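**Student:** with the sequence up front, the predicted model follows.
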Amino acid sequence: MSRMNKVVLVIAIFLFSGIALGAGEKPGLGEKINPSLGAPEALKLVIVPEGFKLVWKPSPQESEKVTGYQIVRAGFASGPFEIVGTVKKGILEFLDTTASPENIHYYKVRAVADGEFSPFSNTVAGEIPGIVLRDERDR
């Protein structure tokens, strides 16, 4: 096998496995999951006027290893999930103002520590109601 064919084969394997440049934007592709880094716990979702407020309890390693948290969202419980935000260590809430109304959104959170990730928290879901138009007769 020529050197060029070997390079093409290696690139094809990386692309097929999802370990390509930019793949880190989709959780779970080419990322190092550290099971000893505990996941955030008790993720909850509250509908607020601005969108969804997510709150959680910290990773058990918050004080020793965690540098922040990554929040992901999907339109289906099975994914695909995309990163919608990150927060620094010690911040245990996130406000998503980009969620579209009348769609169910699924969220998970995980801890980040020096390029490694915890497993994800529990999944929560919510739907922002659409705008209700009042009939003049309702007044």
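**Tutor:** On my side now, so go ahead. Numbering: from 1, shown residues only.
**Student:** and the helices in this structure, which stretches?
**Tutor:** 3-17 (DSSP state H).
**Student:** quick test: name the residue nearest the centre of it.
**Tutor:** residue 72 (1.4 Å; CA atoms, centre = their mean).
**Student:** how near is that one to residue 105?
**Tutor:** 11 Å (CB to CB, to the nearest Å). For glycine as for every other residue, the C-beta is placed from the backbone atoms N, C-alpha and C.
**Student:** just give me how far stretch 114-130 sits from the chain centre.
**Tutor:** 5 Å (CA atoms, centre = their mean, to the nearest Å).
**Student:** if you could redo that for stretch 32-45, that was the one I meant.
**Tutor:** For stretch 32-45, the distance to the chain centre is 11 Å (CA atoms, centre = their mean).
**Student:** heads up, I number from 47, so please use that
**Tutor:** Will do, 47 is the new start, and the previous item becomes stretch 78-91.
**Student:** tell me where the chain has strands.
**Tutor:** Here the chain has its strands, by DSSP state E, at 78-79, 87-94, 97-103, 114-120, 128-134, 139-142, 150-159, 162-163, 170-173.
**Student:** going by mean pLDDT, which of those comes out lowest?
**Tutor:** Mean pLDDT values for the strands of the chain show the minimum at strand 78-79, a mean of 86.
**Student:** now for it, which elements pack on it?
**Tutor:** Using 3 or more CB pairs under 8 Å, 6 or more residues apart in numbering; DSSP states H and E, the elements in contact with strand 78-79 are strand 162-163.
**Student:** what pairs with the strand it packs on, parallel or antiparallel?
**Tutor:** Sheet pairing of strand 162-163 (DSSP bridges) gives strand 78-79 (parallel), strand 150-159 (antiparallel).
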